[in-house]
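Visitor: Need coordinates for the following:
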Amino acid sequence: MRTSPSSRTRVTRSNAAPTAAVHANATLPGDSGVSRRRSVNAPGIDWVSGFISRADASILSLPIVRLVLASGSPRRADLLRAAGYEFEIVVTNVDESIRPGERPDVYVRRLAAEKSAAAYHRIGGTPKGAPSDPVVLGADTVVVVDDQILGKPRDDAEAAAMLRLLSARRHMVMTGISLRQGAHELGRVETTTVHFRSLGADEVAWYVASGEGRDKAGAYAIQGLASRFIPRIDGSYSNVVGLPVAAVAELLTSLLASRL
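Guide: Modelled structure (predicted):
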């Protein structure tokens, strides 16, 4: 598990930035746990095509299994599809409170595992995890600036405050991922450092007015208009969008190979 310098400090309350995953709002922790408002996800189960492709399985000498994404995030789904994966989507609700003193990297790793476990239970996977059982992917992402975790802005004023906070400095994007087949679970935390150039007041106003960052952690989307603000990143690009695809592929191969 990789951590950033900012992840080693206790998350503190920020008036400008609610705690959240990429697709959730929240308040920030004080001395006790804090509840994050959940995102509005598609209800029930959205049955997309449900298998790792036969071509992939043949190349990797792995079994063909159902892959389930435990997330309603359209960006995560797009990233998986672009990488050639076929999967089902199961959206679950878990308690997203931050525990007292919990570091951001520990937090996203725990949430990812809880999401994969909840989805696995919902689809009726066996407790021991038979090789024919589906593999469930859970993920949770946060944006971290120093001690603060930034979530989705509650309004345009908060979005502007977040962008001013990010201006002319670097921040971390952390995603916890969890792959589960019964009691067999593998996971990790991927961290990407994102560098913002200095933003003028007119640029902040223009970007906020675009509406692009209203449903994004940190109030920006690297894959959109905000790309003009970001001269460089260190680490996985797809992680900043919402899912470190290369890390997922590595863990999926390890999980399936361990079951042969």
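
Visitor: So Arg180, which state does it fall into?
Guide: strand (DSSP: H, G, I helix; E, B strand; the rest coil).

Visitor: neighbours around it, how many?
Guide: For Arg180, the neighbour count with other Cβ atoms under 10 Å is 28. Every C-beta, even on glycine, is put in place using the N, C-alpha and C of the backbone.

Visitor: Which of the residues in stretch 95-107 are classified as buried?
Guide: Judged by neighbour count using 16 or more other Cβ atoms under 10 Å, the buried positions of stretch 95-107 are Glu96, Ser97, Ile98, Glu102, Arg103, Pro104, Asp105, Val106, Tyr107.

Visitor: taking the residues you listed as a set, which two sit the farthest apart in space?
Guide: Farthest-apart pair in these is Ser97 and Asp105; separation 16.7 Å (Cβ to Cβ).

Visitor: still on that earlier bit, format the buried residues of stretch 95-107 as JSON lines; extra columns: distance to Gly129 and secondary structure.
Guide: Supplementary listing: the buried residues of stretch 95-107 in JSON lines, determined by distance: Cβ to Cβ, whole Å; DSSP: H, G, I helix; E, B strand; the rest coil:
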{"residue": "Glu96", "distance to Gly129": "25", "secondary structure": "coil"}
{"residue": "Ser97", "distance to Gly129": "28", "secondary structure": "coil"}
{"residue": "Ile98", "distance to Gly129": "29", "secondary structure": "strand"}
{"residue": "Glu102", "distance to Gly129": "28", "secondary structure": "coil"}
{"residue": "Arg103", "distance to Gly129": "29", "secondary structure": "coil"}
{"residue": "Pro104", "distance to Gly129": "29", "secondary structure": "helix"}
{"residue": "Asp105", "distance to Gly129": "26", "secondary structure": "helix"}
{"residue": "Val106", "distance to Gly129": "24", "secondary structure": "helix"}
{"residue": "Tyr107", "distance to Gly129": "25", "secondary structure": "helix"}
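
Visitor: wait, which of these is closest to Gly124?
Guide: Closest to Gly124, out of all of those and judged by Cβ to Cβ, is Glu96, at 24.0 Å.

Visitor: Surely that closest one is in contact with Arg110?
Guide: No: Glu96 is not in contact with Arg110 according to Cβ atoms under 8 Å; the separation is 10.1 Å.

Visitor: how about Pro164, secondary structure?
Guide: Check again: residue 164 is Arg, not Pro. Classification of Arg164 by three-state DSSP places it in helix.
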